[in-house]
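Enquirer: sequence and predicted structure, then a few things I'm wondering about:
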Amino acid sequence: MLEQRVVLEDGVEYELRFCSPSDYRLACLKDGRELVAYAPGGRYEFKSVEKLRYDFERDAEDALRQA
C-alpha cells in the first residue's frame, strides 16, 4: 500500500492512497475544498497506474487554473 499527503504553502493539498486497481483514491484540494478526486466507482476508469497518475495530474492542473 502507498499512502501520501502533500500540503503546499498556497493551500493546495494532494492526497494519494493506492492499494490495488480496485482500491485507490487520489484527491486535489484547495483551502479544504475538493477540486478533483479519483476513486473506484467514480467517473474515472482505471487502466494502469501510469495512466491514473497522468490523468489525475492533468485534471488537477486544470482545476487549479480555474480555482
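Expert: Received, thanks.

Enquirer: buried sites along whichever strand or helix holds residue 24?
Expert: Element membership of residue 24, judged by DSSP states H and E, is strand 23-30. Neighbour counts using 16 or more other CB atoms under 10 Å place 24, 26-30 of strand 23-30 among the buried residues. Any C-beta I mention is one placed from the backbone N, CA and C, and that applies to glycine too.

Enquirer: what pLDDT does the closest residue to residue 67 other than its chain neighbours get?
Expert: Spatial nearest neighbour of residue 67, chain neighbours left out: residue 30 (5.1 Å); criterion: CB to CB, 6 or more residues apart in numbering. Residue 30 carries a pLDDT value of 97.

Enquirer: then residue 20?
Expert: 95.

Enquirer: next one: residue 43
Expert: As predicted, residue 43 sits at a pLDDT of 89.

Enquirer: quick one: residues contacting it.
Expert: Shown in contact with residue 43 (CB atoms under 8 Å, 6 or more residues apart in numbering): no residues.

Enquirer: compute the distance between it and residue 59, please.
Expert: From residue 43 over to residue 59 the distance is 10 Å, taken as CB to CB, to the nearest Å.

Enquirer: check which helices and strands the host helix or strand of residue 15 is in contact with.
Expert: Using DSSP H and E, residue 15 sits in strand 12-20. When contacts are defined as 3 or more CB pairs under 8 Å, 6 or more residues apart in numbering; DSSP states H and E, strand 12-20 sits against strand 2-7, strand 23-30, helix 49-66.

Enquirer: try it again with 6 Å
Expert: strand 2-7, strand 23-30 (3 or more CB pairs under 6 Å, 6 or more residues apart in numbering; DSSP states H and E).

Enquirer: can you give me the angle that strand makes with strand 2-7?
Expert: 180 degrees (axes from the mean of the first three to the mean of the last three CA atoms, to 10 degrees).

Enquirer: note down every partner strand of strand 12-20 and its orientation.
Expert: Looking at strand 12-20 with DSSP bridges, its partner strands are strand 2-7 (antiparallel), strand 23-30 (antiparallel).
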